[in-house]
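Novice: sharing a model prediction with you, sequence too.
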Amino acid sequence: MATDIVMPKLGMSMEEGTVVEWLKNEGERVEQGEPVVTISSEKTEIEVEAPDSGILTIVVPQDGVVPVSEVIGRVSAEGAVVQPRNGETINEKNQHSEKSTTQKTPISPAARKLAKKEKIDLSGIQGTGPGNRITKEDVLKAIANKKEAAATLETYHRQNVKTASEEIREVPVSGIRKVIADRMFQSLQQSAQLTLHTEVDVTELVRVRQQMKEDIAQRFGVNLTYNDFIARATVLALQNHPQLNAKWDENQIIQYGHIHLGIAFSTNRGLMVPVVRNAQEKSLIQLSQGIKSLTSAGKDGSLSMDESKGSTFTITNLGSYGVDEFTPILNPPEVGILGVGRINEKPAIYDGEITIRALMKLSLTFDHRVLDGAPAAEFLQELSSYIENPYRLISFEDNRG
């Protein structure tokens, strides 16, 4: 004999209801008056009690929707055979023996409704009601804990944001920094830049400079640097490769008959590029004197506007910063720039023998719109030849007292 559990009528207008959750498992024993299922109408949710003691048979599963007074489950004596809605015979004794080992936690309708509203996960709540039933008070406690945790997280977040903001310093981009930023960005956007790298043997250059520098300092009052030799070599090589002493002007290439050599160097106000004008007319010593005068003016802030514009080719040397090799960016509207690295002593083959040589890396960036890789490489070859044979850089004027 089985007793039906039916969908109750919760209001005059209620025509159907929803099985929200079965509080007991299929085949589980229930006691008369014990809540076994939660059902809901459009506005109301209640728990339905077992009409009798016995074994539970679930007819309508969770989330099922049925008309009022429709059978949703049955309670019967152990071993009884019941007929579910689809007409299939079920042996309740067997169902009891094969029931799931997972036990559902009973939840009061008020607790379920509140949890749904506050988006509380009921699976993480330990019920304090009879039979570990989750009550409304349990959900309220979970809500309080959730709010406390959220408040703690918000406080932690605010503290972290404050700490981070205290470690950030905003630096306005203006003045020379803004000019440099705009020009370098424009350079990369408006030209087809390609860089060639090579390594030159500067062993002889090191020896010649060491031999000359004291005498030159006494006679001319200048400290002859490696950059002075490289500047002189660059000027001589450019005279034979006018494609690199030029600029791109819309649909034409303009080649200069003069060489205004830009010498890039760093100051506490940023990068500066003073210009040695008509460098092709100057000897090694005259170039050295011109470079020293311009860089000194740049460092003390007395460099004029005319002295820092109009370059046709630029040299940038990062060797003093321990840099071996880098990719320089064109100084618009120029089509060539030479990057110079530091001098390193390395094992190398010289005259068929392995020996220690002083080596330096050069990097030539050029505008591929103006010339191809081969003529750029030829310029780099000639430049390297001048540097590796430094006596070719010394003129008659350099030896006069």
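Specialist: That came in fine, so what should we check first?
Novice: switch to C-alpha atoms for all contacts and neighbour counts from now on
Specialist: Noted.
Novice: now the end-to-end length of stretch 50-58.
Specialist: Stretch 50-58 has an end-to-end distance of 12 Å (C-alpha to C-alpha, to the nearest Å).
Novice: relative to the whole chain's centre, how far out is that stretch?
Specialist: Centre-to-centre, stretch 50-58 and its host chain are 62 Å apart (C-alpha atoms, centre = their mean, to the nearest Å).
Novice: mean confidence score for that stretch?
Specialist: The average pLDDT for stretch 50-58 rounds to 92.
Novice: can you list contacts of that stretch?
Specialist: The contact list for stretch 50-58, computed with C-alpha atoms under 8 Å, 6 or more residues apart in numbering, reads 3-5, 24-36, 72-78, 92, 96.
Novice: and what of stretch 35-48?
Specialist: Under C-alpha under 8 Å, 6+ apart, the answer for stretch 35-48 is 7, 10, 14, 16-24, 30, 49-50, 108-109, 113.
Novice: quick one: buried residues of it?
Specialist: Across stretch 35-48, burial judged by 16 or more other C-alpha atoms under 10 Å covers 35-41, 45-48.
Novice: now residue 149: which helix or strand?
Specialist: helix 136-167 (DSSP states H and E).
Novice: ok now the helix or strand following that helix, how far from the chain's centre?
Specialist: Downstream of helix 136-167, the next assigned helix or strand under DSSP H and E is helix 175-190. Distance of helix 175-190 from the chain centroid (C-alpha atoms, centre = their mean) equals 23 Å.
Novice: in the sheet, which strands lie alongside whichever helix or strand comes after helix 175-190, parallel or antiparallel?
Specialist: Using DSSP H and E, the helix or strand that follows helix 175-190 in sequence is strand 193-201. Sheet pairing of strand 193-201 (DSSP bridges) gives strand 353-367 (antiparallel).
Novice: and the contacts of the partner strand?
Specialist: 191-203, 206, 244, 324-330, 335-349, 376, 380.
Novice: how does this structure divide into domains?
Specialist: Following automatic domain parsing, one finds the domains of the chain at 2-104, 106-163, 182-399.
Novice: who's in contact with the closest residue to residue 71 other than its chain neighbours?
Specialist: Computed as C-alpha to C-alpha, 6 or more residues apart in numbering, the closest residue to residue 71 that is not its neighbour in sequence is residue 6, at 4.2 Å. When contacts are counted by C-alpha under 8 Å, 6+ apart, residue 6 touches 68-73.
Novice: next: residue 114.
Specialist: 136, 139.
Novice: so it versus residue 139, what's the distance?
Specialist: Counting by C-alpha to C-alpha, the gap from residue 114 to residue 139 is 7 Å.
Novice: quick check: which element contains the residue nearest to residue 328 when sequence neighbours are not counted?
Specialist: Distances taken as C-alpha to C-alpha, 6+ apart place residue 339 nearest to residue 328, at 5.8 Å, with adjacent residues excluded. Residue 339 is located in strand 336-350, with elements delineated by DSSP H and E.
Novice: now do that strand: distance to the chain's middle.
Specialist: Worked out by C-alpha atoms, centre = their mean, strand 336-350 lies 34 Å from the chain centre.
Novice: which secondary structure elements does that strand contact?
Specialist: Packed against strand 336-350 by the contact rule (3 or more C-alpha pairs under 8 Å, 6 or more residues apart in numbering; DSSP states H and E) you find strand 313-317, strand 353-367.
Novice: check the contacts of strand 353-367 for burial and list the buried ones.
Specialist: Buried among the contacts of strand 353-367 (16+ other C-alpha under 10 Å): 191, 193-195, 197, 200-203, 206, 244, 324-330, 335-344, 376, 380.
Novice: ok so, going back, emit the ChimeraX select command for whichever of the contacts of stretch 50-58 are buried.
Specialist: Selection of buried members from these for ChimeraX, criterion 16+ other C-alpha under 10 Å:
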select :3,4,5,24,25,26,27,28,29,30,31,34,35,36,72,73,74,75,76,77,78,92,96
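Novice: so who does residue 246 touch?
Specialist: Taking C-alpha under 8 Å, 6+ apart as the test, what residue 246 contacts is 253-256, 312, 334-335.
Novice: and the closest residue to it other than its chain neighbours, how far is that from residue 263?
Specialist: Using C-alpha to C-alpha, 6+ apart and skipping the chain neighbours, the partner closest in space to residue 246 is residue 255 (4.2 Å). Going from residue 255 to residue 263 by C-alpha to C-alpha gives 20 Å.
Novice: looking at the two, which is more packed in?
Specialist: Neighbour comparison, residue 255 and residue 263: the larger count goes to residue 263, with 23 against 14 (by other C-alpha atoms under 10 Å).
Novice: surely the more buried one is in a strand?
Specialist: Yes: membership of residue 263 in a strand is supported by DSSP: H, G, I helix; E, B strand; the rest coil.
Novice: so it sits against residue 310, correct?
Specialist: No: under the criterion of C-alpha atoms under 8 Å, residue 263 is not in contact with residue 310, lying 11.9 Å apart.
Novice: residue 167: neighbouring residues, count only.
Specialist: Neighbour number of residue 167 under other C-alpha under 10 Å is 9.
Novice: can we start the residue count at 654 from this point?
Specialist: Got it, the first residue is 654 from now on, which makes the last one we talked about residue 820.
Novice: residue 996 pairs with what?
Specialist: Residues in beta-bridge contact with residue 996 (DSSP bridges): residue 1013.
Novice: spit out the contact partners of it.
Specialist: Going by C-alpha under 8 Å, 6+ apart, the list of residues near residue 996 reads 855, 972, 977, 1011-1014.
Novice: Three-state assignment for the closest residue to residue 790 other than its chain neighbours, please.
Specialist: Nearest non-adjacent residue to residue 790, counting by C-alpha to C-alpha, 6+ apart: residue 764, 7.6 Å away. Here residue 764 is recorded as helix under three-state DSSP.
Novice: tell me where the stretch 754-903 of the chain is predicted with low confidence.
Specialist: Applying pLDDT under 70 to the stretch 754-903 of the chain flags residues 754-757, 806, 809-819, 827-829.
Novice: just checking, residue 837 touches residue 982?
Specialist: Yes: between residue 837 and residue 982 there is a contact under C-alpha under 8 Å: 7.1 Å.
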